[in-house]
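> Predicted coordinates and the sequence they were generated for:
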Amino acid sequence: MCGIIGYIGPREAANVGIGCLRRLEYRGYDSCGGAVIHDGRMEIRKGAGKIDEINRELKLDSMKGNIGIFHTRWATHGNVSRENAHPHCDDNEKFSIVHNGIIENYSYLKEQLAKKGHAFSSETDTEVIVHLIADYYNGNLKDAVLRALNDLEGSYAICVISSYEPDVIIAAKNESQLVIGLGNGENFIASDIPAILSETKDFIIMENREVAVVSRDYAEFCNLEGTVIQKKIQRTELDAASAEKGLYEHFMLKEIHEQPRAVEDAISNRISEGRVILEGEFPLSANDIKRIIVVACGTSWHAGLVGEFMLEEIARIPTEVEYASEFRYRNPVIEDGTLVIAISQSGETADTLAALREARKKGAKILGIVNSIGSSIAREADYVLYTHAGPEIGVASTKAFTSQLAVLYLLTVYIGDKKGLLPQQQVQNRIRDIRKLPLQMQKVLGKSEAIRKIAEKYSGKNNALYLGRGINYPIALEGALKLKEVSYIHAEGYPAAEMKHGPIALIDEHMPVFFIATKDERTYSKIMGNIEEVKARNGEVIAIASEDDEDIGKKAHIVINIPRSSYILTPLLAVIPLQLLAYHTATLRGCDVDKPRNLAKAVVVE
Ligand code: F6R
C-alpha cells in the first residue's frame, strides 16, 4: 500500500526522504515521486515504476530544498501512470500533497471544484484534496487544510506543503497510519516507524482526525475543529538494523531465520516461576470468557485456526475463527462473555480493524494480538498482547506468524491455568515445551540448503497441493499461501480427509503433494492412509515428518524431518520447511520475493 515520508530540517530533504522512502518499498507500490520547495518554488518529480528506475531517470534524490514530501503509490483510483503518481498539486503549483487512503466523496467534490474552474490532471481521488486546499487558502495553510479535511469522507494520511509557507508541513490522519519522528532541529513524517528508525527513536503517533503542523523545531497538534491537543512522545526500543536486510539476500529469508529469536521474545517476559503471566496485559478474568471469536485475514487468519485448536483443546472455550472481511458485513451474534481476538501483524488491516469495531459495537471485549507497536488495532483493542517479532518487511508473513502462534499458546495455557483446568505440573510441562522451541526451530532452519534442492525439483511445476490434519491443517493452508504469493505457482491447501471430496481429481504424476505428516496419536495413521491414496494416483509425495519416524521414508518420495515437539506446538516447526520451500522456489523462478506482484504489506483498504 502507499507510503509517505515528509522531511523538514537543515539537510537536503530529497536525499533524506528518498532514502527513507526505500524502507517503505516493502509495503508494495507501483509508482513514486517527491515534491520539494527551494527558493520559494515548488519542484515535483514523479513517475510510474520502482524508486531505483525513477531515480535513475529523474534524479529524485538530487532535488534541492530543505522541506519535502515523498510517496510510493499503490494504485486504487486510476491506472499506474506518471499523471496518477503522487505528489499532486493545484493549478498554480503552489500546494502539493501526498496521500494514503481513499476519499469516498471525491467525485462530488471534483465536480464542484471543476465548476469553479479547477483543472484536474489525474484520475485520482487525492487530487481533489489539494485543489480544495488551494481553493480555501486565505493566508494560513493549516486553516485551509482543516477546512478541506472537513469536506472529506473516507480515509487519509496526508502531508501538504506550500511555497507560500515553506517552513511547515501539515500532516493529518484518519484511518491510515502516520507517525511524526522528532529529530534535533529537524522533523520527519512517515507511514510507519521502521522507515525512519535510522533517523530518530522519538515518535508521536497520530490518532484519527488529528492534524499536525510540523516545522524544523516543533510539531503541534489539533483536531479537525482546530482545538489544540497535547501529544505524548514515545521512545522506541527498536534499532535501525532490525529494519535492514543485513547479510541476507532478502528480507523474507532474514525473517524466516529470525523466528527462533522472535518466539523467544514473544515468550520470555511472559513466563515466571513456572507460570504464564499475562495479568498485566490481559486483566480480563478467565472465568468470564464464555466464547471466543477470532477475526483476522490471510496468514493471521491461519494463526487463528491454530489458536482455535489450542483454545478448545486446553482452555476448553468454544472458539470460532472468522475472515474479518466476512464478519464485518454479517450480523454476528455476540453474547455476554464473548471475547473477540483480532490478530494482525501490521495492526492496520482495514477489514480486521472494521471487524474489531463491529464487535465492539455489539458489546464484545477485544484482545489484539499485534506485532506493530502503537498501530490502530493495538490502540483500539481493550487489551493487547504484542508479538514482539520486530519489523516484518518481507511482504510474505513468516516470523509474525510463528510469534502469533507462540502468543496464542501462552494465552491458552494462561486461561487453562486460571480456570483450574491444568494441574501445576501440566502448566510447567507446557512451558518447558515452548521453551525448547527456539532451539528446535534453529535445527529446522539448518535444513535450508536441503530444502533448496527440493525446490529445484519442483520449481518448474504449475500446481501444488498441501494437505494436513488437525492442528496442522492450517499449516497446509499456510504452506499453500506462501508458495502461491511468492512464486506464483498455483497451490491449494486442504484438510487431508477432504481430498476425497474433490481435489483428488487433480492428482496425477505432475502434481507434487506436500503432507504435514508428523507423528501423533490422533491423525498419523489417517494421514498415512491419505499418502497411499495420493501415491495410488501417481502423485509425488513430500512429507514433513517427525525425525524419529522410521517408516515414513518407505511411503513418501521425499521426507523433510522436524524435531519432535508436543503435538500442539508442531505447527511452529512444520511451517518452517514450507516457508523455506516457498522462498527457494520463488528465487529459483526469479521472482521478487520481498515484493511479490500486486501485493501490499498492510492492506489498509477494503
Ligand atoms: C501473507 C500475508 C497476508 C497477511 C494479511 C493480514 O503472507 O502476509 O496474508 O497475513 O494481509 O495482514 P495483517 O496480519 O497485517 O493483518
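Structure received. Numbers count the residues shown, from 1 in each chain.
> from this protein, which residue is nearest to the ligand?
Gly298 (1.9 Å; C-beta to the nearest ligand atom). Quick note: C-beta positions are derived from backbone N, CA and C, even for glycine.
> so what's the backbone phi/psi at that residue?
phi 60, psi -130 (degrees, to the nearest 10).
> what number of residues lie near it?
Other residues near Gly298 number 22, with proximity taken as other C-beta atoms under 10 Å.
> And for the one 10 residues further on?
Burial of Glu308, expressed as a neighbour count using other C-beta under 10 Å, amounts to 22.
> same thing with Lys64?
When neighbours are defined as other C-beta under 10 Å, Lys64 has 15 of them.
> Quick check: closest non-adjacent residue to the residue nearest the centre of the chain.
Centre of the chain computed as the mean C-alpha position; nearest residue by C-alpha atoms, centre = their mean is Ser346, 3.7 Å away. Sequence neighbours aside, Ala602 is the residue nearest to Ser346 in space, at 3.8 Å (criterion: C-beta to C-beta, 6 or more residues apart in numbering).
> pLDDT score assigned to the one you found?
Looking at Ala602, its pLDDT is 75.
> show me the residues around it that make contact.
Met1, Arg27, Gln177, Ser346, Glu348, Thr349 (C-beta atoms under 8 Å, 6 or more residues apart in numbering).
> one step back: measure the residue of the chain closest to the ligand to Leu422 for me?
31 Å (C-beta to C-beta, to the nearest Å).
> How about Leu132?
Distance, Leu132 to Leu422, using C-beta to C-beta: 59 Å.
> Spell out which parts of the stretch 251-400 of the chain neighbour the ligand.
Within the stretch 251-400 of the chain, the residues that sit near the ligand (C-beta under 6 Å from any ligand atom) are Cys297, Gly298, Thr299, Ser300, Ser344, Gln345, Ser346, Thr349, Thr352, Ala396, Ser397.
> Tell me which residues touch the second one, please.
By C-beta under 8 Å, 6+ apart, the contact list for Gly298 reads Ser397, Leu481.
> average model confidence for the longest strand along the chain?
In the chain, taking DSSP state E as the definition, the longest strand is strand 165-174. In this model, strand 165-174 has an average pLDDT of 97.
> which element follows that strand toward the C-terminus?
Going down the chain from strand 165-174, the next helix or strand is strand 179-182, by DSSP states H and E.
> how does this structure divide into domains?
Using automatic domain parsing, the domains assigned to the chain come out as 3-242, 253-444, 446-588.
> Kindly state the pLDDT recorded for the residue nearest to the centre of the chain?
pLDDT recorded at Ser346 is 93.
> repeat for Glu521
Looking at Glu521, its pLDDT reads 83.
> Please renumber the chain so that the first residue is 43 from this point on.
Renumbered: residue one is now 43, and that last one reads Glu563.
> host element of it?
Here Glu563 is assigned to no helix or strand, by DSSP H and E.
> Tell me, how many residues neighbour it?
Neighbours of Glu563 under the rule other C-beta under 10 Å: 7.
> shouldn't Leu641 be in contact with Tyr71?
No: counting by C-beta atoms under 8 Å, Leu641 sits too far from Tyr71 to count as a contact (10.7 Å).
> For my notes, confirm Gly458 occurs in a helix.
Yes: assignment of Gly458 by DSSP: H, G, I helix; E, B strand; the rest coil places it within a helix.
> my guess is Lys332 meets Thr361, correct?
No: between Lys332 and Thr361 there is no contact, the gap being 11.0 Å when judged by C-beta under 8 Å.
> Could you give the average pLDDT over the longest helix anywhere in the chain?
If you go by DSSP state H, the chain has its longest helix at helix 466-487. The average pLDDT for helix 466-487 rounds to 95.
> Dump the contacts of Ala644 to TSV, plus secondary structure.
Listed next are these as TSV, based on three-state DSSP:
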residue	secondary structure
Met43	coil
Arg69	helix
Gln219	coil
Ser388	coil
Glu390	coil
Thr391	coil
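> In PyMOL, select just the buried ones from those residues.
Selecting only the buried entries of the contacts of Ala644 in PyMOL, with 16 or more other C-beta atoms under 10 Å as the criterion:
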select buried, resi 43+69+219+388+390+391
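> which two in the contacts of Ala644 are spaced the farthest apart?
Greatest spacing in the contacts of Ala644, by C-beta to C-beta: Arg69 and Thr391 (12.4 Å).
> residues from the protein in reach of the ligand?
Contact residues (C-beta under 6 Å from any ligand atom) of the chain with the ligand: 339-342, 386-388, 391, 394, 438-439, 523, 527, 644-645.
> among the residues you listed, which are in strands?
Ser386.
> Which of the residues of the chain next to the ligand ranks first by neighbour count?
Counting by other C-beta under 10 Å, top hit in these: Ser386 with 34 neighbours.
> returning to that earlier point: which strands and helices lie in contact with the longest helix of the chain?
Under the contact criterion of 3 or more C-beta pairs under 8 Å, 6 or more residues apart in numbering; DSSP states H and E, helix 466-487 touches helix 301-310, strand 317-318, helix 441-460, strand 600-604, helix 612-630.
> helices and strands around the last one, which ones?
Packing contacts for helix 612-630, counted by 3+ C-beta pairs under 8 Å, 6+ apart, involve helix 293-299, helix 441-460, helix 466-487, helix 490-500, helix 515-529, strand 554-558, strand 582-588, strand 600-604.
> Buried residues in it, which are they?
Residues of helix 612-630 classed as buried by neighbour count (16+ other C-beta under 10 Å): 612-629.
> go on, the first one?
The neighbour-count criterion (16+ other C-beta under 10 Å) identifies Gln301, Pro302, Arg303, Ala304, Val305, Glu306, Asp307, Ala308, Ile309 as the buried residues of helix 301-310.
> Give me the sheet partners of the helix or strand that that helix is followed by and which way each runs.
Moving toward the C-terminus from helix 301-310, the first helix or strand encountered (DSSP H and E) is strand 313-314. Neighbouring strands of strand 313-314 in its sheet, by DSSP bridges, are strand 317-318 (antiparallel).
> Return the distance of the partner strand from the chain's centre.
Put simply, strand 317-318 sits 29 Å off its chain's centre (C-alpha atoms, centre = their mean, to the nearest Å).
> Could you dump the domains of the chain into a markdown table with distance to Lys637 added?
A markdown table is the format used below for the domains of the chain (distance: least, C-beta to C-beta, whole Å):
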| stretch | distance to Lys637 |
| --- | --- |
| domain 45-284 | 6 |
| domain 295-486 | 6 |
| domain 488-630 | 10 |
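> Of all those domains, which one is nearest Asp636?
Ranking those by proximity to Asp636 (C-beta to C-beta) places domain 295-486 first, at 4.9 Å.
> Go ahead and produce PDB holding the CA coordinates of stretch 316-327.
Output of stretch 316-327 as PDB, limited to C-alpha atoms (Å, rounded to 0.1, in the frame of the first residue of the first chain):
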ATOM      1  CA  GLY A 316       6.700 -22.000  36.100                       C
ATOM      2  CA  ARG A 317       3.600 -20.000  35.100                       C
ATOM      3  CA  VAL A 318       2.400 -17.800  32.300                       C
ATOM      4  CA  ILE A 319       2.000 -14.300  33.500                       C
ATOM      5  CA  LEU A 320      -0.400 -12.200  31.400                       C
ATOM      6  CA  GLU A 321      -2.400 -10.400  34.100                       C
ATOM      7  CA  GLY A 322      -0.900  -7.000  33.400                       C
ATOM      8  CA  GLU A 323      -1.500  -7.100  29.700                       C
ATOM      9  CA  PHE A 324      -4.800  -9.000  29.800                       C
ATOM     10  CA  PRO A 325      -6.600  -8.400  33.000                       C
ATOM     11  CA  LEU A 326      -9.900 -10.000  32.000                       C
ATOM     12  CA  SER A 327     -10.900 -12.800  34.300                       C
END
